[in-house]
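S.K.: fold the following.
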Amino acid sequence: MESYEDKEFVESNLEDADIIGIDTEFDWRSTYFPTLCLLQIAIKNKIFLIDCLRFKDLRFLKKILEDKRKLIIFHSSRSDTTVLYTNLGIKIKNVFDIQIAEKKINGGEIMNYGAIVNNYFPVKLNKSETNSNWLKRPFTQNQLAYAANDVNFLIEVFKKQMKILKKKNLYKETYLDSQIESSFGNQDLYISRLKKLKKPSKLEKKIFLWREQQAKKKNIPPSRIFRNKDLKFLTKAINNDNTDVKLISEIIKDSNSTQDFFKEVL
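M.R.: Coordinates of the predicted model:
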């Protein structure tokens with residue numbers, strides 16, 4: 001999609017499709033929220049590449065991708081649904097994840113997209129742009145070819161996997177597991193992060209959630225406020241009868257955040 005004039009063409013094609021392959025290219029190195037840079041969409045015989053830094057008004061995608069009559073195909077759906085939800089407010093629920101499917105077929109091995117494609121087609125994908133800078137414009141031809149290939153095989157791989165899974169009586173299980181995996185992306189970022197804490201105290205949880213709010217407000221990684229491993233040190237610094245102000249100031253290096261910490265947590 002190179003101009004807003006293409007929107008009607010893209011929209012009408014997607015509305016007519018019952019199976020859609022999706023991939024995203026994003027940057028998540030220096031922000032709280034991932035930055036969606038490029039959205040790749042595949043339907044039968046067509047691939048659309050949408051520059052999401054150039055075209056901001058993508059509201060038409062929400063109705064289409066949330067339509068439960070359409071099956072959305074991903075590889076490793078959690079990251080893509082996270083990016084789509086945080087950037088576009090899209091909660092995709094009717095999902096099939098080819099990575100989960102291949103794990104079922106092969107007895108537990110997690111495979112990358114290129115390896116899965118190579119299982120079904122005599123194709124070896126060029127993955128040289130995996131760590132490409134997707135914020136930079138204009139895109140190179142190599143980037144565009146890489147991005148297109150990342151959705152080019154999704155639907156055909158799905159169709160081949162579906163036949164195998166149905167023979168093994170594993171299709172329904174795979175479909176349900178795909179819904180569970182994708183649902184982790186359809187929620188606020190702090191929820192899955194909070195679950196990783198091992199039996200946090202009430203104070204630890206309070207400090208953790210304060211850090212999330214600070215990072216979200218400033219759109220910076222939570223580690224820029226303080227590192228995960230410092231959570232217990234902060235808790236101990238407060239738990240003492242005499243709050244260790246010096247230690248807290250050393251752990252929370254940003255002066256504005258330190259002031260907010262004393263106001264909002266202590």
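
S.K.: state the distance from Lys199 to Lys172.
M.R.: The gap separating Lys199 from Lys172 is 35 Å, by C-beta to C-beta, to the nearest Å. Every residue, glycine included, has its C-beta placed from N, CA and C.

S.K.: out of the two, which sits in the busier spot?
M.R.: Lys172 (10 against 5; other C-beta atoms under 10 Å).

S.K.: going along the chain, name the strands of the stretch 51-200 of the chain.
M.R.: Taking DSSP state E, counting those that start in this stretch to define them, one finds strands in the stretch 51-200 of the chain at 71-74, 95-97.

S.K.: format those as JSON lines; extra columns: mean pLDDT, distance to Ala148 and mean neighbour count.
M.R.: Listed next are those as JSON lines, based on pLDDT from 0 to 100; distance: least, C-beta to C-beta, whole Å; neighbours: other C-beta atoms under 10 Å:
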{"stretch": "strand 71-74", "mean pLDDT": "98", "distance to Ala148": "15", "mean neighbour count": "25"}
{"stretch": "strand 95-97", "mean pLDDT": "98", "distance to Ala148": "20", "mean neighbour count": "25"}
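
S.K.: any chance of a markdown table for these, columns distance to Phe208?
M.R.: What follows is the strands of the stretch 51-200 of the chain, written out as a markdown table (distance: least, C-beta to C-beta, whole Å):
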| stretch | distance to Phe208 |
| --- | --- |
| strand 71-74 | 29 |
| strand 95-97 | 29 |
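
S.K.: out of these, which comes closest to Phe48?
M.R.: Of all the strands of the stretch 51-200 of the chain, it is strand 71-74 that lies closest to Phe48, at 14.0 Å by C-beta to C-beta.

S.K.: which neighbours does that closest one have in its sheet, and in what orientation?
M.R.: strand 19-27 (parallel), strand 95-97 (parallel) (DSSP bridges).

S.K.: tell me which of the ones you listed sits most buried.
M.R.: Burial of the strands paired with strand 71-74 is given as mean neighbour count (mean count of other C-beta atoms under 10 Å); strand 95-97 ranks first at a mean of 25.

S.K.: show me the helices in the stretch 101-250 of the chain, by range?
M.R.: In the stretch 101-250 of the chain, the segments counted as helices under DSSP state H, counting those that start in this stretch are 113-120, 141-152, 154-167, 171-183, 189-195, 202-218, 231-239, 245-251.

S.K.: between those, which one is nearest to Phe60?
M.R.: Phe60 lies closest, by C-beta to C-beta, to one member of these: helix 141-152, at 18.6 Å.
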